[in-house]
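Asks: Show me the folded form of this:
(one chain, ligands or ions: 1)
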Amino acid sequence: MFVTRTVFVIQDANVTVVGAGPVGLALAAELALAGVSVQVLERLPEPDRAMKAQSINMTTAGALDRRGLLPAAEKVQRETLGRMGPVVEGKSPSDTRITGHFAGMAVDADLVDWDDPDFVAHTAAAGARVVPQPELVALLTEHVTRLGVPVHRGVEVTSLEDTGDGVLIGTTAGSVRTDWLVGCDGGHSAVRRLAGIEFPGEAPELTGIQAVVDTAGDLPLTNGWTWTPRGTYRYGPQPGRVAIVEFDHPPADRSTPITLDEVQTRLRRVTGLDITLTALRGTPTRWTDNTRQAASYRKGRVLLAGDAAHVHPPFGGQGLNLGYGDAVNLGWKLGAVIAGWAPEGLLDTYDAERRPIGQWVLDWTRGQIGVLRPDVKSGALREIVADLLGTRDGATYAVKQLAGVTQRVDLPGNHPLVGRYVPDLWLRDGSRLVDHGHSGGFLLLDRTPDGAFARIAEPWAGRVTTVTDEPATPAGVLVRPDGVVVWATDSTDIAGLEDTLRRWAGI
Ligand SMILES: Cc1cc2nc3c(=O)[nH]c(=O)nc-3n(C[C@H](O)[C@H](O)[C@H](O)COP(=O)(O)OP(=O)(O)OC[C@H]3O[C@@H](n4cnc5c(N)ncnc54)[C@H](O)[C@@H]3O)c2cc1C
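Replies: So this is what the prediction gives:
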């Protein structure tokens, strides 16, 4: 039952985001930029330092770039690489282009065709960025703080009631009302459960752990992933960092603390070596291959984003990137509905556009489990995949998928840019189109000699930033606040621009 006791935080927030992980913070920032009031409730009193994502791909780097945050992320990368050992044997970390891996099979950066137009189009796609999750969360916390978003820590959401025109939220610190509630509260989402949203998928079959360890002497392990008849393990790239995967069964309780003894036992079992560990450093993590996607990303006034909407094994590093994409897709749409210039139906496009990308990620990680199993058939399949990844086409294909450069939203329009994330469009003044979008909103590039596109967009002046440039190709591009191109042309023909503005930027 809902309790109407203490009111502990602002009551009039348009949106309450549950969870101050990377997705909740990214979403809160987008909502603040859209001009709505937003607060974040987070059950942990301090930010989580657990070892999870180590890097971000093009889709996340591109989103940070569009808000002017990429230089800060690159500073984190330089500092992190400075602390790391070689990622690739014989190369210093700063000389290494980070590509990623498929089921532990690292993709050789020297094989990748970096001149492929998809890579050339996106500077932010030039290899993954090494940005550990805690550092990304710190960067985003600073960002939302600058935008004036309150992050209330030590507050756990325990109940919710959708009243049709808002949501009553019960928390460990009292109760509060909000117009909209977004659960960014991770894979075990309380919001998803309390809202009664189904979470269909497959039960887990493995247990993985990741830890940084100290040892009695040098660890007799080589950098990278190794397969044994009892499972698989990875050593490096940081000194002492190990990941161990056993396929015997999932953990009875994922939240059971990981002890030094457990790491040593698992490492001995999988490697078959008599390894002695002396200490655990940092906060180790335990994971499974639980693979599920919410039946709906929205139910009434409650929405889901990030791990709350989908979970999958962490192989190939996709989860954070997928969730970040949810956040930037949802933020401006929810902001537009609250501001009243878009109908509520705009929110339907959130599920429609993000679900297929989520399904793809789930399949990409399912495929890796199939290759990783320690049985003889999976071993044979692994050999074949390794051969393919060892080719120029195979390596380029894999890195494109990992980077997300081929991601596309299914939108009407014949121009090849439509539905894609906006590429780096350099202007004559030396800036790029995305440099003009740091405060959110739509971007219109007008390269007609007489400003024909800019004139069409005048009624949308408050929502659309028009950037004029000298004639070049493409001649015109309209970009949504989430970076997706919704209209583009190589001619000076205005056809379709006004309709597209009405469709996405309101009336
Ligand atoms: C070992 C490992 C390695 C990974 N590597 C990668 C990688 O390389 N690349 C990648 O992209 N992804 C990776 N991931 C996945 C990535 O970590 C997750 O996808 C990401 O954390 C999802 O972010 P989120 O904000 O949706 O959820 P979370 O990060 O889980 O944040 C949810 C937040 O909600 C809070 N919360 C939960 N319940 C409540 C409640 N009831 N009330 C208030 N607050 C609540 C939690 O305390 C938490 O802070 C990895 C994951 C693991 C485990």
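Asks: which residues in the stretch 351-500 of the chain form strands?
Replies: With DSSP state E, counting those that start in this stretch as the definition, the stretch 351-500 of the chain shows strands at residue ranges 442-446, 464-468, 476-479, 485-489.
Asks: Does stretch 195-208 reach the ligand?
Replies: No. Using Cβ under 6 Å from any ligand atom, stretch 195-208 never reaches the ligand; the gap is at least 6.8 Å. C-beta here means a position set from N, CA and C on the backbone, and glycine is covered the same way.
Asks: Helix, strand, or coil at the residue nearest to Lys333 when sequence neighbours are not counted?
Replies: The spatial neighbour of Lys333 that comes closest, neighbours along the chain excluded (Cβ to Cβ, 6 or more residues apart in numbering), is Leu346 at 5.0 Å. Taking DSSP: H, G, I helix; E, B strand; the rest coil as the rule, one finds Leu346 in the helix state.
Asks: got a list of what Leu346 touches?
Replies: In this structure, Leu346 makes contact with 333, 336-337, judged by Cβ atoms under 8 Å, 6 or more residues apart in numbering.
Asks: how does it look with 10 Å?
Replies: Applying Cβ atoms under 10 Å, 6 or more residues apart in numbering, we find Leu346 in contact with 332-334, 336-337, 503-504, 506.
Asks: same deal with Pro250?
Replies: For Pro250, the set of contacting residues under the criterion of Cβ under 10 Å, 6+ apart consists of 203-208, 286-290.
Asks: Wasn't it part of a helix?
Replies: No. Under the criterion used here (three-state DSSP), Pro250 is coil, not part of a helix.
Asks: Need the nearest residue in space to it, chain neighbours excluded.
Replies: Distances taken as Cβ to Cβ, 6+ apart place Pro204 nearest to Pro250, at 3.8 Å, with adjacent residues excluded.
Asks: Thr158 too?
Replies: The nearest residue in space to Thr158 (Cβ to Cβ, 6+ apart) is Gly170, at 5.1 Å.
Asks: Show me what the helix or strand where that neighbour lies is packed against.
Replies: Gly170 is part of strand 167-171 when elements are defined by DSSP states H and E. When contacts are defined as 3 or more Cβ pairs under 10 Å, 6 or more residues apart in numbering; DSSP states H and E, strand 167-171 sits against strand 15-18, strand 157-162, strand 174-178, strand 180-183, helix 190-195.
Asks: how about a cut-off of 7 Å?
Replies: Under the contact criterion of 3 or more Cβ pairs under 7 Å, 6 or more residues apart in numbering; DSSP states H and E, strand 167-171 touches strand 157-162, strand 174-178.
Asks: Deepest in the core, which of the ones you listed is it.
Replies: With neighbours defined by mean count of other Cβ atoms under 10 Å, none of these is more surrounded on average than strand 174-178, at a mean of 21.
Asks: Show the average pLDDT along it.
Replies: Per-region confidence: strand 174-178 scores 93 on mean pLDDT.
Asks: what lines up beside that strand in the sheet?
Replies: Each strand that pairs with strand 174-178, with its direction, by DSSP bridges: strand 167-171 (antiparallel).
Asks: Tell me, how many residues neighbour the residue nearest to Gly437 when sequence neighbours are not counted?
Replies: Leaving aside its chain neighbours, Gly437 sits nearest to Leu443 (4.8 Å; criterion: Cβ to Cβ, 6+ apart). The criterion is other Cβ atoms under 10 Å. On that basis, Leu443 has 24 neighbouring residues.
Asks: Check what pLDDT Leu443 gets.
Replies: Among the per-residue scores, Leu443 shows a pLDDT of 98.
Asks: for it, what are its contacts?
Replies: By Cβ atoms under 7 Å, 6 or more residues apart in numbering, the residues touching Leu443 are 433, 436-437, 465, 467, 479.
Asks: now it, which residues is it bridged with?
Replies: Using DSSP bridges, the beta-bridge partners of Leu443 come out as Thr465, Val479.
Asks: Against Asn223, how distant is it?
Replies: Counting by Cβ to Cβ, to the nearest Å, the gap between Leu443 and Asn223 amounts to 43 Å.
Asks: Likewise for Arg146?
Replies: 39 Å.
Asks: next one: Ala121
Replies: Counting by Cβ to Cβ, the gap between Ala121 and Asn223 amounts to 32 Å.
Asks: neighbours of the one residue in the stretch 1-150 of the chain that gets nearest to the ligand, just the number please.
Replies: Among the residues of the stretch 1-150 of the chain, Gly21 lies nearest to the ligand; the distance is 2.2 Å by Cβ to the nearest ligand atom. Residues near Gly21, counting by other Cβ under 10 Å, number 25.
Asks: helix or strand for Pro134, which one?
Replies: Short version, using DSSP H and E: Pro134 is in helix 133-146.
Asks: Closest one of the contacts of Leu346 to Leu41?
Replies: Leu334 (16.6 Å; Cβ to Cβ).
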